[in-house]
Each structure stands twice: as C-alpha cells, then as structure tokens.
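1. A predicted structure for the sequence below; I have some questions about it.
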Amino acid sequence: MSYPEPRYTGGEGEISATYRPVGTPPDLLPRSGGSTHYLATSDTTHGEFGLYRINMGPRAGGPSTHFHRTISESFFILGGTVRIYDGERWTDAAEGDFVYVPQGGLHAFRNDSDAPASMLLLFTPGAPREEYFENVAKVSDWPETQRAEFFLRHDTYWTG
C-alpha cells in the first residue's frame, strides 16, 4: 500500500484547519434525550470522511440491523455502554472500545442501559449524513415510497 496521489499541490502550505471547541452546542437534539455533534462533515473534509459525536440518553435504542454499500462505519465509545451488533452477536462496547464495519458489513447499535452513552461515529469516505440524522426520526410518518427513497439515497439497507 502506498500514499494516495497528492490533493494539495501548493508549495508553502496554507492556513485551513477547522477548530470546534468542546463547548460548541450540538447540531441536533433528537427526541431520545441525546445529542449529535457534526465534528467533521463530508463538506468540511472534501468527501474524505465524516465524524460525529453521538450522545444517547438512557434506553435510547438505536437503528436495527442494516448495511451500507458505499461507506464504512466505525464506532469509538467515549463513555457508557453501547450494544453493537456485528452480524453474529451483540457486544456491550464500553469506554475505549472500537468497532470497524466495512462496506457490506451487517451492524446495528443501541443504548439499552439506564445510563447515557457517548461515541464517535466515523464514516469513510465522507457522505452527507447530516440530512439522514436530521430526518430519520420522521420517516415512520412518510409514505412507503418516500421512506424507501430516503434510505436508498442515504446508502442504508435494512435486513429482515
């Protein structure tokens, strides 16, 4: 394996870093009592990756088993316990645990505990997941064709 072709070809470097202080308010407050922070969107990273901090309230649940065709998904647990399904079994992932799911890998996650949980969620390559996060709670009220189109547009394929 080698390094990819250069994306920056200037000679002196540039001032282009993005800083997001810890006290930045969340970008999304879902009904489950948690929050979502858009740390690095596909837009910010020019499609290289998307990084989000997901804070889940107690017994917040989560998505059922699904897979993605175009993006991988990685989970790094910051606090609490997140139950993660790897296609075979559920594992109680705790602070410091990491799970990588390649394209096509079956997975699901949820917070079944009585305590909050927090994790970093990384998608590669970057995809516009913000619209997904902002609308996924509403899709149950949509007509089936609109709901199916939404999940297809966001590379989410549900099983069973």
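-> Arrived safely, thanks for sending. Keep in mind the model is a prediction, meaning the values are calculated, not measured. Numbers count the residues shown, from 1 in each chain.
2. how long is stretch 102-121 end to end?
-> 13 Å (CA to CA, to the nearest Å).
3. Any idea how far it is from the middle of the chain?
-> 9 Å (CA atoms, centre = their mean, to the nearest Å).
4. residues of it that come out buried?
-> 107-111, 113, 116-121 (16 or more other CB atoms under 10 Å). Every residue, glycine included, has its C-beta placed from N, CA and C.
5. same thing with stretch 69-84?
-> For stretch 69-84, by 16+ other CB under 10 Å, it's 71-77, 80-84.
6. ends of stretch 125-134, how far apart?
-> End-to-end span of stretch 125-134 (CA to CA): 20 Å.
7. Now it: average pLDDT?
-> Average pLDDT, stretch 125-134: 91.
8. Residues touching that stretch, excluding its own?
-> Residues from elsewhere that reach stretch 125-134 (CB atoms under 8 Å, 6 or more residues apart in numbering): 27-28, 30, 36, 38, 41-43, 45-50, 52, 70-71, 123, 154-156.
9. Sticking with the spatially most central residue of the chain, tell me its helix or strand.
-> Nearest to the mean C-alpha position of the chain, by CA atoms, centre = their mean, lies residue 121 at 4.0 Å. Per DSSP states H and E, residue 121 falls inside strand 117-124.
10. Which stretches in this protein count as strands?
-> 35-40, 50-56, 66-67, 72-79, 81-85, 90-94, 98-101, 108-110, 117-124, 157-158 (DSSP state E).
11. quick one, the second one and strand 35-40 angle?
-> Interaxial angle, strand 50-56 versus strand 35-40 (axes from the mean of the first three to the mean of the last three CA atoms, to 10 degrees): 170 degrees.
12. Good, wrapping up.
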